[in-house]
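sequence below, structure please.
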Amino acid sequence: MANIFSKNILSILAGFATFFALGVIGLGAFTRLLDAGLGCPDWPLCYGHLLAPINSISEVIITHYPAYPAYKAWAEMIHRYFAGTLGCLIIIIFIITLKKNARYKSNLLLSSFLLILLFWQIMLGQWTVTYKLLPIVVTGHLLGGFAILSILWLIYLNNNSILFIKLQSDERTIFHITAFFASIGLILLLIQIFLGAWTSTHYAALSCTDFPLCQNNQAFSLTGFSQAFTLWTPVGINYEGGILSDTIRQTIQMVHRIGALILTAYLLLFAMIASVKLIKFPKIMQSIYILLALLVLQLCIGMMNVLFKRPLVIAICHNLVASLLLLALITLIFKLFSYSKKIASV
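Numbers count the residues shown, from 1 in each chain. Reported below is the predicted structural model:
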């Protein structure tokens with residue numbers, strides 16, 4: 001009874017924390033799209049205050065930081081408040097997994113890794129400000145957010161009741177093979193998320209104004225590839241607004257689009273083949289249908305981002321749907337591996 005109670009608590013907390021993490025990712029995108037990443041020049045306070053900016057602090061901003069109006073500081077601080085609350089939820093989850101009646105190896109392993117990620121994210125959050133939006137730091141911060149979201153969701157899945165099904169030997173083989181190819185899709189998706197983060201941190205989202213090609217839908221060559229993907233750039237420069245030339249930013253944008261094309265083709269092919277093999281397993285098919293729906297939605301949002309010049313709401317949705325696509329693929333892989341693991345003992 002105590003074990004069931006602990007698992008239910010973990011499931012509820014992890015589910016809520018996952019939803020909260022989605023909100024933090026959305027707020028992070030909102031802050032970034034407002035060019036408010038340096039809305040507060042210090043960390044973890046803002047102009048030396050916990051709440052910012054009010055009264056005298058606003059006067060300081062107007063006098064010394066005219067390029068950073070008060071609303072940018074508030075956008076940055078609200079993001080920090082939500083991130084701090086998420087951090088508290090993660091610590092609570094870790095403490096619960098330390099209890100004897102909840103000490104399953106998988107829970108303890110996941111929550112420990114989650115705690116390490118949290119402290120790493122805190123460091124990256126500080127470096128984002130102190131290194132003035134250094135692209136590799138900001139990209140790492142974005143990817144860390146996705147990693148925390150994924151681990152929270154895995155804890156949620158790990159402590160939820162799953163309807164296991166009895167399979168024949170050949171069906172178990174199909175599940176294993178499907179899980180393997182789904183994992184390749186996950187790797188491709190993670191690469192694409194990195195490319196999206198790299199595009200964002202270099203302010204290259206609007207470098208190509210046409211679709212599907214770049215400028216005036218003319219042939220485009222990927223020039224300046226090495227400069228476009230130089231990970232270690234000089235420290236001390238203010239990277240807000242980006243420093244790369246338009247040509248190099250166009251390369252980043254087009255590589256991101258090519259990555260989207262490759263990912264889409266792979267997932268569509270995977271979904272078609274998996275559907276044929278697993279059509280009689282509704283729980284698996286449900287995950288595949290959700291995955292396809294999110295993939296199509298993400299493609300539409302990506303195209304609208306370009307055609308409508310990156311409206312704020314659409315750009316934020318692009319980040320959030322990418323998060324949901326990641327969770328959908330993780331759920332599918334989790335189900336495939338969980339079913340086959342359970343069957344092995346039957």
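
pLDDT weak spots in the stretch 151-300 of the chain?
161-170, 216-221 (pLDDT under 70).

in it, which spans are helices?
Assigned by DSSP state H, counting those that start in this stretch, the stretch 151-300 of the chain shows helices spanning 169-201, 225-228, 246-277, 282-307.

buried set for the longest one?
What that stands for is helix 169-201. By neighbour count on 16 or more other C-beta atoms under 10 Å, the buried set for helix 169-201 is 171-172, 174-175, 178-179, 181-182, 185-186, 188-190, 192-201. Placement of C-beta: from N, CA and C, glycine included.

try the shortest one
When burial is assessed from 16+ other C-beta under 10 Å, helix 225-228 yields the following buried residues: Ala228.

the last one too?
Judged by neighbour count using 16+ other C-beta under 10 Å, the buried positions of helix 282-307 are 284, 287-288, 290-292, 294-295, 298, 301-302, 304-306.

could you point out the helix or strand that follows that helix?
Moving toward the C-terminus from helix 282-307, the next helix or strand (DSSP states H and E) is helix 312-344.

that following helix packs against which elements?
helix 2-33, helix 135-158, helix 169-201, helix 282-307 (3 or more C-beta pairs under 8 Å, 6 or more residues apart in numbering; DSSP states H and E).

so what's the residue nearest the centre of the chain up against?
Against the mean C-alpha coordinate of the chain, by C-alpha atoms, centre = their mean, the closest residue is Phe146 at 3.1 Å. For Phe146, the contact set (C-beta atoms under 8 Å, 6 or more residues apart in numbering) comprises Ile25, Ile193, Ser323, Leu326.

distance to Gly87 added to the helices and strands packed on helix 312-344, as TSV?
Below are the helices and strands packed on helix 312-344 laid out as TSV (distance: least, C-beta to C-beta, whole Å):
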stretch	distance to Gly87
helix 2-33	10
helix 135-158	9
helix 169-201	21
helix 282-307	28
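
nearest to Pro212, out of those?
Proximity of the helices and strands packed on helix 312-344 to Pro212 was assessed by C-beta to C-beta; the nearest stretch is helix 282-307, lying at 8.4 Å.

low-confidence ranges, the stretch 1-150 of the chain, go.
Applying pLDDT under 70 to the stretch 1-150 of the chain flags residues 1-7, 52-70, 100-103.

leaving out sequence neighbours, find the closest residue to Leu307.
In this structure, Leu307 finds its nearest non-sequential neighbour in Phe211, 6.0 Å apart by C-beta to C-beta, 6 or more residues apart in numbering.

hmm, I was thinking of Leu206
Closest to Leu206 by C-beta to C-beta, 6+ apart is Arg310, at 5.7 Å.

before we move on, what about Leu231?
Ile136 is the one closest to Leu231 (C-beta to C-beta, 6+ apart), at 5.2 Å.

tell me how far the one you found lies from Gly144.
For Ile136, the distance to Gly144 equals 12 Å [C-beta to C-beta, to the nearest Å].

and for Ile155?
17 Å.

and what of Cys40?
Distance from Cys40 to Gly144, by C-beta to C-beta: 19 Å.

again, but for Phe225
Note on Phe225: its distance to Gly144, by C-beta to C-beta, is 26 Å.
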